[in-house]
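Novice: Got a sequence here, can you build the structure:
(one chain, ligands or ions: 1)
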Amino acid sequence: MTSLLIIAVLVLLGIAIWQLTKIFDLTQLGTVSQTENSEVANDRDNNVNGYLMFAFVGFIYVFTIYSLVEWGHLVLGTPASEHGPQYDNLMAISLILIFVVQTITQFLLHYFSFKYRGKQGRVAYYFADNDKLEFVWTIIPVIVLAGLILYGLYAWTNIMFIDEDKEDALYVEVYAKQFSWEVRYAGEDGMLGKANVRYIEGINTMGVDMSDPNSQDDIPARELHLPKGKKVIFKIRSQDVLHSAYFPHFRAQMNAVPGMVTQFGFTPTLTTEEMRQDPGIVEKVANINNIRSKKSAELVANGESPLDPYEFDYLLLCNKICGASHYNMQMKVVVDEEADFNKWLSEQETLGKAVKKEKQQMADSVEATAPIEETTDSETATDSTMVETDSTMVVQ
Ligand SMILES: [Cu+2]
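Specialist: Residues are numbered from 1 along each chain as shown. Next up, the predicted model:
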């Protein structure tokens with residue numbers, strides 16, 4: 001890495017010196033005769049640059065068409081949330097507008113550069129101003145951009161607005177940490193218990209405040225299950241650094257910021273099973289499995305075990321580069337019919353029970369290994385001071 005940097009610095013230094021000598025040559029203009037000076041463009045140079053301008057706009061067009069054909073199928077496909085189509089619509093309108101405007105303006109820019117390229121004896125036409133023309137090229141972008149921004153704002157408030165009093169929603173906490181996700185369901189009371197990183201202890205890995213009555217029925221999980229057709233409100237927290245909770249298929253993303261709770265709400269509209277039937281997904285899965293089977297044949301030939309076939313699953317990904325294993329920070333998301341979801345949730349253990357169980361187990365093991373003699377007074381004293389300075393306790 002260091003040697004790479006040194007090489008880069010040396011190359012840049014070389015370029016700088018070369019440019020400086022060119023500037024020095026330019027300052028010598030007039031002291032040598034014009035014909036000898038290669039720094040002044042002649043008609044041949046102007047022609048070359050004029051045609052290169054044309055070639056460049058051709059390159060832009062060809063590359064744009066190639067990108068659309070080659071990578072166009074890599075877009076996200078069918079949205080799986082209620083607000084998804086609206087989001088996709090905004091994206092499509094913006095892209096089409098940009099595409100049309102850039103195609104026309106780039107052509108004009110390069111065509112005029114070519115047409116009016118330098119020529120010996122040609123003098124530039126002096127053109128002061130034209131109010132009408134300036135008005136037209138100002139007002140058209142203003143109207144188009146204002147329309148786009150207003151529509152964007154409308155879509156944004158529609159997607160982001162959550163009326164917590166009216167909504168019959170499912171509350172789920174999404175907890176980010178290097179490099180995994182954890183989730184917690186609000187339980188029967190529909191309220192998430194308070195939490196703070198200082199309460200993290202043993203099985204309570206999300207730092208839930210167990211003295212809060214709302215915490216007892218909260219349900220932690222290692223897999224995110226969601227009911228189809230019901231609004232889910234995510235309360236997002238981070239334990240360490242900035243992460244971002246990204247649900248590409250649901251068109252949702254929100255930063256996970258240490259020290260604060262952010263939120264995002266959406267309603268899933270397609271179960272995992274339904275999404276697996278989607279033609280776009282079927283094609284993608286077939287393509288991945290095709291690659292995998294080729295790779296497996298290679299592995300088997302080398303005496304290794306083959307790869308498992310891939311099956312589509314929704315994912316929660318981290319979309320902020322948060323450290324070395326960021327690329328692998330993901331969680332499986334399962335969307336079920338509401339009845340199946342409720343059944344799954346009822347089978348999960350509440351945090352209250354899990355913590356109680358852990359305490360019981362610890363007490364049992366302490367009893368089993370405890371020495372028969374009673375502890376001396378001095379030992380008890382040190383124990384109590386240790387509890388007082390325990391950094392996992394929160395001072396009220
Ligand atoms: Cu992350």
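
Novice: where exactly do the strands run in this structure?
Specialist: 170-177, 180-185, 219-221, 224-227, 232-238, 243-247, 252-256, 262-266, 314-318, 330-336 (DSSP state E).

Novice: to the chain's geometric centre, what's the distance from the fourth one?
Specialist: The offset between the C-alpha centroid of strand 224-227 and the centroid of the whole chain comes to 21 Å, using CA atoms, centre = their mean, to the nearest Å.

Novice: who does it pair up with?
Specialist: Using DSSP bridges, strand 224-227 pairs in its sheet with strand 330-336 (parallel).

Novice: got the buried residues for the strand it pairs with?
Specialist: By neighbour count, and taking 16 or more other CB atoms under 10 Å as the criterion, the buried residues in strand 330-336 are 331, 333-336. All C-beta atoms are positioned from the backbone trio N, CA, C, and that covers glycine.

Novice: need the strands of the chain in a markdown table with mean pLDDT and distance to L108, can you?
Specialist: Listed next are the strands of the chain as a markdown table, based on pLDDT from 0 to 100; distance: least, CB to CB, whole Å:
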| stretch | mean pLDDT | distance to L108 |
| --- | --- | --- |
| strand 170-177 | 91 | 48 |
| strand 180-185 | 91 | 49 |
| strand 219-221 | 87 | 57 |
| strand 224-227 | 93 | 50 |
| strand 232-238 | 92 | 46 |
| strand 243-247 | 94 | 39 |
| strand 252-256 | 94 | 37 |
| strand 262-266 | 91 | 42 |
| strand 314-318 | 94 | 41 |
| strand 330-336 | 93 | 46 |
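
Novice: now the ones you listed in a markdown table, with distance to Y51?
Specialist: Formatted as a markdown table, those follow (distance: least, CB to CB, whole Å):
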| stretch | distance to Y51 |
| --- | --- |
| strand 170-177 | 54 |
| strand 180-185 | 55 |
| strand 219-221 | 64 |
| strand 224-227 | 57 |
| strand 232-238 | 55 |
| strand 243-247 | 45 |
| strand 252-256 | 45 |
| strand 262-266 | 52 |
| strand 314-318 | 46 |
| strand 330-336 | 50 |
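
Novice: can you tell me which residues contact the residue in the stretch 151-300 of the chain that the ion sits nearest to?
Specialist: With distances taken as CB to the ion, the stretch 151-300 of the chain approaches the ion most closely at H243, which sits 3.5 Å away. If a contact means CB atoms under 8 Å, 6 or more residues apart in numbering, then H243 has 176-177, 255-256, 318, 320, 322, 329 as its contacts.

Novice: picking up where we left off before, quick one: which two of the buried residues of strand 330-336 are the most distant?
Specialist: The widest separation within the buried residues of strand 330-336, taken as CB to CB, falls between M331 and D336 and amounts to 15.8 Å.

Novice: For D168, which non-adjacent residue is closest in space?
Specialist: In this structure, D168 finds its nearest non-sequential neighbour in K231, 7.3 Å apart by CB to CB, 6 or more residues apart in numbering.

Novice: and if you look at K230?
Specialist: For K230, ignoring the flanking residues on the chain, the nearest one in space by CB to CB, 6+ apart is L170 at 5.7 Å.

Novice: Please list all residues in contact with the one you found.
Specialist: When contacts are counted by CB under 8 Å, 6+ apart, L170 is found next to 185-186, 226-227, 230-233.

Novice: repeat for T262
Specialist: Each residue near T262 by CB under 8 Å, 6+ apart is listed here: 235-237, 254-256.

Novice: what's next to stretch 46-63, contact-wise?
Specialist: With CB under 8 Å, 6+ apart as the contact definition, stretch 46-63 has outside contacts at 41, 103, 106-107, 109-111, 113-114, 117-119.

Novice: In that stretch, which residues are buried?
Specialist: Under the neighbour-count criterion of 16+ other CB under 10 Å, stretch 46-63 has 50, 53, 57 buried.

Novice: do stretch 151-170 as well
Specialist: Within stretch 151-170, the residues that qualify as buried by neighbour count (16+ other CB under 10 Å) are 155, 159, 169-170.

Novice: before we move on, what about stretch 319-326?
Specialist: By neighbour count with 16+ other CB under 10 Å, stretch 319-326 contains the buried residues 319-320, 322, 326.

Novice: Please consider this matter closed, and thank you.
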